[in-house]
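> The sequence and its predicted three-dimensional model are supplied below.
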Amino acid sequence: MAAQINPSILSADFARLADEARAVQGADWLHVDVMDNHFVPNLTLGVPVVESLARATDTPLDCHLMMEDPDRWAPQYVEAGAGSVTFHAEAAAAPVRLAREIRAKGARASMALKPATPVEPYEDLLPELDMILIMTVEPGFGGQAFLDIMLPKIRRTRELISKHGLDLWLQVDGGVSAGTIERCAEAGADVFVAGSAVYGADDPAEAVRALRTQAESATAGAAWACAH
Ligand SMILES: O=C(CO)[C@H](O)[C@H](O)COP(=O)(O)O
Ligand SMILES: [Fe+2]
């Protein structure tokens, strides 16, 4: 699969969201960070904004739910128009049931792991998912520095995906930029969220293209990709 670049609107101008969505034409997905001020110490947006955004752009929405009780709320984000819904493993009461419900409603089901959450306990659950998100910062804010110490976890996750022959996307989120994306791709990521690196650029659409080129050339030389 080609590398996917998902700009995070957390770094966009929230008063001009429709225009900001159009400014990244060519992006694979638009990453929408939903924060509830309980699971993370920040508050962003909810279902009504996702509904409006889904009407305003043809780019599919990748909703990252940083909230408590995703079992209750995630299905509503599918109904609001999200094409992919990510809940946190640390917050979900019944992750298998929730992933099945998201899929049954017609969206891709994804689960996120905070930096201190290991992937190994979730090995048997991976076939229930369409994507796994390895956080490369502590969730809650854009513009943080990439955590290099997450690279071994990205590698281990890629090994588990290969071991089970799964068609599972591996997303990284937090501090992904021109300076870090190649290391993520070499370690096994194939979906890249970038907020400040895209919306902080003079030309966001060009930043998306440049990040994709970097990721694809790093992937082409990576051992995990050669093995496929
Ligand atoms: O989930 C997130 C933070 O919790 C954001 O998606 C992420 O931080 C993107 O911003 P940046 O690329 O600037 O780090
Ligand atoms: Fe995110």
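Yes, it's here. Numbering: from 1, shown residues only. Ligands and ions are numbered 1, 2, ... in the order given.
> Just to check, residue 95 is in contact with residue 86?
No: in this structure residue 95 lies outside contact range of residue 86 using Cβ atoms under 8 Å: 11.4 Å. The way it works is simple: take the backbone N, C-alpha and C, and place the C-beta from them, glycine included.
> Looking at these two now, which is surrounded by more residues?
Each of residue 95 and residue 86 has its neighbours counted (other Cβ atoms under 10 Å); residue 86 has more, 31 against 20.
> coming back round to it: need the overlap of contacts for residue 95 and residue 86.
residue 111 (Cβ atoms under 8 Å, 6 or more residues apart in numbering).
> How about residue 49: what's its closest non-neighbour residue?
residue 17 (7.3 Å; Cβ to Cβ, 6 or more residues apart in numbering).
> for ligand 1, what are the nearby residues on the chain?
8, 10-11, 31, 33, 64, 66, 137, 139-144, 173-176, 193-197 (Cβ under 6 Å from any ligand atom).
> how about the helices in the chain?
Taking DSSP state H, the helices of the chain run over residues 17-22, 47-56, 70-79, 95-104, 151-163, 181-187, 196-199, 204-220, 223-226.
> want to try CSV for those helices, with distance to residue 125 and mean pLDDT as columns?
As requested, these are exported to CSV (distance: least, Cβ to Cβ, whole Å; pLDDT from 0 to 100):
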stretch, distance to residue 125, mean pLDDT
helix 17-22, 32, 97
helix 47-56, 26, 98
helix 70-79, 15, 98
helix 95-104, 6, 98
helix 151-163, 11, 98
helix 181-187, 21, 98
helix 196-199, 31, 98
helix 204-220, 25, 97
helix 223-226, 21, 88
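> which one of those helices lies closest to residue 111?
helix 95-104 (6.1 Å; Cβ to Cβ).
> In CSV, list the C-alpha atoms belonging to that closest one.
Listed next in CSV are the C-alpha coordinates belonging to helix 95-104 (Å, rounded to 0.1, in the frame of the first residue of the first chain):
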residue,chain,number,x,y,z
PRO,A,95,-13.0,-2.9,22.4
VAL,A,96,-14.0,-6.0,20.3
ARG,A,97,-17.7,-5.2,20.5
LEU,A,98,-17.0,-1.5,19.7
ALA,A,99,-14.8,-2.4,16.7
ARG,A,100,-17.5,-4.7,15.4
GLU,A,101,-20.1,-2.0,15.8
ILE,A,102,-18.0,0.6,14.0
ARG,A,103,-17.5,-1.9,11.1
ALA,A,104,-21.2,-2.9,11.0
